[in-house]
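[1] I would like to see how this sequence folds:
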Amino acid sequence: MSLIYHERYLDHIQQWGHPESPERLKAILNKIDTVDFTPEIITPEPAKDKDLQKVHTKQYIDLVRNFGEGYLDPDTYHHEETYEIACLAAGGGLLAANLAFDEKRPTFVVPRPPGHHSTTSASGGFCYFNNIAIAAQALLSRKKTPAERIAIVDIDVHHGNGTHDIFFDRKDVLYISTHQWGIYPGTGHEELTGDKEGKGFTVNIPFYSGAGDSSFDLTYQQLIEPIIQQYKPSIILVSIGTDAHYQDPLASLALSSDGYLSTAKKLIKLSKNVCQSKVAFFLEGGYDVEVLGEIVTAILAIFDGHDYDLEFTDNIDQDYAGEKVVNKCLEIQKPIWDLG
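    As a prediction, this is how the structure comes out:
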């Protein structure tokens, strides 16, 4: 599995003491240095305006380019260098998606800033450009061997409202999100299943506090896997935030590192079965840096056949705390998909 990384990702700073800090990527790099394998690290080029404009409005791109210093929104601070680094983040996503698609080569990109809260014309939640949406749209728009349809699986604790909105009325992108209900950004209700041509191609699974390993396993078995098998995507793109972990300081879901690794293994296996191992992981959130380093390194390790001992493995949710949510989502999705 290739790791897509640019050293300038470390230069992006929201403000002093902010949880979305360079320490997140330093923790990943430091953890990789402690293991007995070396993943291939590939350096991306910045995304060009033509790439950004497939998703974002020209007016918004110009705003990010020229904003200077200050808050773009209440959560997202802009510096003089923000536009340049955000373009490198989007470029990392483009490279990850293209390598996975063209070479049937699973990839993991660790962009900073993250992207899934950014809409076509607005920043939000520490995000400027929507890295995964830009990559998806680039694959769909290719003149030579374009992707026919794409599945995006979002397992960040926060709903990816930007990705959700960008593809809400589209049938060529299936968007599935597990997230915690009632926290930022306050979106992602299970009744929202798409609009117009996209009706049925959005799947929101909003858990309450305490849902963890058993709940996510149930969700994968009953919703995520059967829906993706029926959709038959050309590639699977994964927005992975490690902030659904029980250690994370910004939320209160209860996934363990084992739970994350299990989900990643299942998605990699699913990609092998439905789209020739075409899968790319995009880092979003995750604010306990030790957990973040552990999970990303473990995914890189297991894919390349290496053992990795996990530390944060408490199985807090052994009794399907999210079962009622899963059952409700099943009732909503059964008229759309064959879910038994």
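
[2] Quick check: Ala89 vs Leu261, distance?
    As judged by C-beta to C-beta, to the nearest Å, Ala89 and Leu261 stand 25 Å apart. Backbone N, C-alpha and C define where each C-beta goes, glycine included.

[3] Could you check which of these two is surrounded by more residues?
    For Ala89 and Leu261, the more surrounded residue by other C-beta atoms under 10 Å is Ala89, and the numbers stand at 29 against 20.

[4] Would you agree the more buried one falls within a helix?
    Yes: per DSSP: H, G, I helix; E, B strand; the rest coil, Ala89 lies within a helix segment.

[5] What degree of burial does the closest residue to it other than its chain neighbours show, as a neighbour count?
    Leaving out its chain neighbours, the residue that sits closest to Ala89 by C-beta to C-beta, 6 or more residues apart in numbering is Pro111, at 3.5 Å. A count of neighbours around Pro111, defined by other C-beta under 10 Å, yields 28.

[6] Please tell me I have it right and Pro111 contacts Arg8.
    No: the criterion here is C-beta atoms under 8 Å, and Pro111 misses it with Arg8 at 10.5 Å.

[7] Who does Leu3 form a beta bridge with?
    Ile41, Phe108 (DSSP bridges).

[8] Show the contacting residues for it.
    By C-beta atoms under 8 Å, 6 or more residues apart in numbering, the residues touching Leu3 are 32, 39-42, 107-110, 300.

[9] quick one: strands adjacent to the helix or strand containing Leu72?
    If you go by DSSP states H and E, Leu72 is part of strand 70-73. Next to strand 70-73 in the sheet, as set by DSSP bridges, lie strand 76-78 (antiparallel).

[10] joint contacts of Pro111 and Arg8?
    Shared contacts of Pro111 and Arg8, counting by C-beta under 8 Å, 6+ apart, come down to Leu88.

[11] For the stretch 101-250 of the chain, which segments count as helices?
    For the stretch 101-250 of the chain, the helices defined by DSSP state H, counting those that start in this stretch cover 131-141, 161-166, 213-219, 225-231.

[12] same for the one helix or strand Tyr260 maps to, what does it pack against?
    According to DSSP H and E, Tyr260 maps onto helix 257-275. In terms of contacts (3 or more C-beta pairs under 8 Å, 6 or more residues apart in numbering; DSSP states H and E), helix 257-275 is packed against helix 213-219, helix 225-231, strand 235-240, strand 279-283, helix 289-303.

[13] on that earlier part again, now tabulate the helices of the stretch 101-250 of the chain in CSV and tack on mean pLDDT and distance to His12.
    Formatted as CSV, the helices of the stretch 101-250 of the chain follow (pLDDT from 0 to 100; distance: least, C-beta to C-beta, whole Å):
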stretch, mean pLDDT, distance to His12
helix 131-141, 98, 13
helix 161-166, 98, 18
helix 213-219, 98, 30
helix 225-231, 98, 32
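
[14] JSON lines for these, including distance to Gln333 and mean neighbour count?
    Conversion of the helices of the stretch 101-250 of the chain to JSON lines gives the following (distance: least, C-beta to C-beta, whole Å; neighbours: other C-beta atoms under 10 Å):
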{"stretch": "helix 131-141", "distance to Gln333": "21", "mean neighbour count": "26"}
{"stretch": "helix 161-166", "distance to Gln333": "16", "mean neighbour count": "25"}
{"stretch": "helix 213-219", "distance to Gln333": "11", "mean neighbour count": "23"}
{"stretch": "helix 225-231", "distance to Gln333": "7", "mean neighbour count": "18"}
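
[15] now the ones you listed as CSV including distance to Gln276?
    What follows is the helices of the stretch 101-250 of the chain, written out as CSV (distance: least, C-beta to C-beta, whole Å):
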stretch, distance to Gln276
helix 131-141, 14
helix 161-166, 24
helix 213-219, 25
helix 225-231, 14
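
[16] I'd like to know how many residues surround the residue lying closest to Pro19 once chain neighbours are set aside.
    Closest residue in space to Pro19, ignoring its immediate chain neighbours: Tyr287 at 4.2 Å, by C-beta to C-beta, 6+ apart. Using other C-beta under 10 Å, the number of residues around Tyr287 comes to 22.

[17] rewinding a little: which of the contacts of Leu3 are buried?
    Buried subset of the contacts of Leu3 (neighbour count, 16 or more other C-beta atoms under 10 Å): 32, 39, 42, 107-110, 300.

[18] quick one on the thing from earlier: quick one: mean pLDDT over the helix holding Tyr260.
    Here helix 257-275 scores 97 as its mean pLDDT.

[19] Look up how far Ser118 lies from the residue positioned nearest the centre of the chain.
    In the chain, the residue lying closest to the centroid (C-alpha atoms, centre = their mean) is Ser239, at 0.9 Å. Distance, Ser239 to Ser118, using C-beta to C-beta: 12 Å.

[20] Am I right that Leu139 is in contact with Thr145?
    No: counting by C-beta under 8 Å, Leu139 does not reach Thr145; the two are 9.4 Å apart.

[21] returning to that earlier point: strand 279-283 and the helix holding Tyr260, what's the angle between them?
    140 degrees (axes from the mean of the first three to the mean of the last three C-alpha atoms, to 10 degrees).
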